[in-house]
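**Student:** My questions are about this predicted structure, shown below with the sequence.
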Amino acid sequence: MISEYDYIIVGSGAGGSTLAYRLSENSRTSILVLEYGSGAGNPLHSIPKGFFFTLQGDRYTYHYPTQPIAGTTKIESWTRGKVVGGSTTVNGMMYSRGFQPDFDALAAHSGADHWAWDRILATYRSIENHALGGSPLRGEGGRLGISATGATGELADRIFAAAESLGLERVADVNASDDERIGYTPSTVFHGRRTSAATAFLTPAVHRANVTLETRTRVARILVQDGRAIGIEADRRGSSVTYHARREIIVAGGTIESPLLLERSGIGHPDLLARHGIDTVVESRQVGERVIEQHGPGSVQARLKKRLGATETLNSPIKLVYQGALYLATRRGPISTAGYDFTFHLKSDPSLDRPDLVGCVTPFAIDPTASKMKLAGHSGLLAGMYQTRPQTTSSVHISGPRPDDTPLISPHYFETDVDQSASSRILGRVRELLAAPPLADIIEGEDFPTNAVSSEPAAALEHGRSFGGTIYHAVGSCAMGPRPDDVVDAELRVRGIAGLRVVDASVLPFQVSANTAAPVMAIGWIAADLIENT
């Protein structure tokens, strides 16, 4: 078995898969991709609504328990993909990219033009194969299939009309605007099938002779010699293995796993490492710090007076069988769309220069009395919203020296004035949409949270602390920046050690008004150029 490669990529998610595809275009290089999860062979992974099932259990996902949210007794579960393709194989498929001010701010922060909007946009256009066709703001012919479709009919018409009555513009592509707007949710679904980072990038890369993929392989630590990362130690299907890298090791485990691997390898805060019996190789005190997660202060579910929407097409075994057969025959129907049909962007305060909130609506209702995810027996719609650019920071650290030690995740939300101001208005803004005609004409009432929870900012914020939830978009645990204490530099190189980079959501020093999949694929794409030009 080959044990030496030019590049070793740890993780096969959005960053690792895209990076492997780009690096492998050079046939003279050899690449090893390591993934702790299994292959993405389950047919449910390709069926868009299949994520309701694959997110359950621990076969394809990690469910990391957090410490109590600061100021509460509530413990969250931060879920991530544990499968080839990482979270892009099990997520809700929402393809949210961010816009020019976000990436120009990233370029200014890092001091590097390759993170500016012009470069990011060109990258998106190279990656995408958008069902709406190419334009100056989206791509056509790339490997990542994107669609922007959703439920149609009377309920959809009423949702759009209500949003327009509030001043939101209906657009075909919500990623092509930075105004207050509503449209069908751009999603990584193409011709009724999920497009993950694995199917778009890693699978074609593995078909090349110079790429090796090893699954069920958990990396314990990075080997360092004379100030350079030279290899990794891992457990592969119960056996200890060592792989060596001639050029570089690229960590692409995500905001949770990447800082844990660095800390287990002796890269982190000396005091923390010493507590767990780990010798300090590189002092990097911000590893695992500066984590920023988007947080939703709770969804609103409205019960409808009429039989509309998709709930009653799927809320019994017979209906599921019928819709499953329809999907297999046509790749259409409610099973063929992503987690949320409609996305809208708006301002928490009219004085802001751009939207700071994003909302999602799906024409489904869940059973609020069920202990597990189950559709309701009546028609309804579910609406949620969250702040796109929160500032409150959390942390992720090891609890011991072994890969199977549970991480210590300390979540914090709503601690800055900006976060409190924006998030305290979310419940009220969601209810404004539901109260706007002609949508209001068919709403019977709220299943939850009901009028027992006031939209008044202080009450709404307190409700969000206790009953809201993580959006699974954490960034920042290995954040890039120009300062000596920033974990990675603008080229994503880990400071203080040669031959080691991080290429995933953890390098983002702040939220970029997006979910993480799209920006991280762009980061992986650009990182290949940075590596090749080193």
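**Tutor:** Now that the structure is in, tell me what you want to look at. None of the values given here were measured: they were computed from a predicted structure.
**Student:** buried sites along stretch 218-231?
**Tutor:** 218-224, 229-231 (16 or more other Cβ atoms under 10 Å). Heads up, the C-betas are built off the backbone N, CA and C, glycines and all.
**Student:** Closest one of these to residue 181?
**Tutor:** Nearest to residue 181, judged by Cβ to Cβ, of the buried residues of stretch 218-231 is residue 219 at 42.0 Å.
**Student:** Find the residue closest to the closest one in space, skipping its chain neighbours.
**Tutor:** residue 234 (4.5 Å; Cβ to Cβ, 6 or more residues apart in numbering).
**Student:** and what of residue 268?
**Tutor:** Going by Cβ to Cβ, 6+ apart, residue 268 has residue 287 as its nearest residue, at 4.2 Å.
**Student:** State the distance from that neighbour to residue 267.
**Tutor:** To residue 267, residue 287 is 6 Å away according to Cβ to Cβ, to the nearest Å.
**Student:** Contact partners for residue 474?
**Tutor:** 78, 255-256, 291-293, 394, 396, 505, 516 (Cβ atoms under 8 Å, 6 or more residues apart in numbering).
**Student:** swap that for residue 103, sorry
**Tutor:** 115-117, 120, 512.
**Student:** Pull the most distant pair out of the residues you listed.
**Tutor:** It's 116 and 512 that sit farthest apart of these, by Cβ to Cβ, at 12.1 Å.
**Student:** more crowded one of the two?
**Tutor:** residue 512 (26 against 17; other Cβ atoms under 10 Å).
**Student:** which one's the longest strand in the protein?
**Tutor:** Ranked by number of residues, the top strand in the chain under DSSP state E is strand 239-251.
**Student:** Please identify the helix or strand for the spatially closest residue to residue 500 that is not a sequence neighbour.
**Tutor:** Closest residue to residue 500 apart from its sequence neighbours, by Cβ to Cβ, 6+ apart: residue 229 at 3.9 Å. If you go by DSSP states H and E, residue 229 is part of strand 228-236.
**Student:** closest to residue 421 among the contacts of residue 103?
**Tutor:** Lowest distance from residue 421 to the contacts of residue 103 (Cβ to Cβ) belongs to residue 512, with 20.2 Å.
**Student:** List the contacts of that closest one.
**Tutor:** Residue 512 touches 98, 102-103, 106, 389, 519, counting by Cβ under 8 Å, 6+ apart.
**Student:** Which of those residues fall within helices?
**Tutor:** Secondary structure from DSSP state H places 102-103, 106, 519 of the contacts of residue 512 in helices.
**Student:** Out of those, give me the one that has the most neighbours.
**Tutor:** residue 519 (29 neighbours).
**Student:** hang on, that residue packs against residue 508?
**Tutor:** Yes - if you go by Cβ atoms under 8 Å, residue 519 and residue 508 touch, sitting 6.9 Å apart.
**Student:** Helices of the stretch 1-150 of the chain, residue ranges please.
**Tutor:** 14-23, 51-54, 100-110, 117-127 (DSSP state H, counting those that start in this stretch).
**Student:** Dump these to TSV, plus distance to residue 260 and mean pLDDT.
**Tutor:** Below are the helices of the stretch 1-150 of the chain laid out as TSV (distance: least, Cβ to Cβ, whole Å; pLDDT from 0 to 100):
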stretch	distance to residue 260	mean pLDDT
helix 14-23	16	98
helix 51-54	23	85
helix 100-110	24	98
helix 117-127	28	98
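**Student:** Nothing else from me, thank you.
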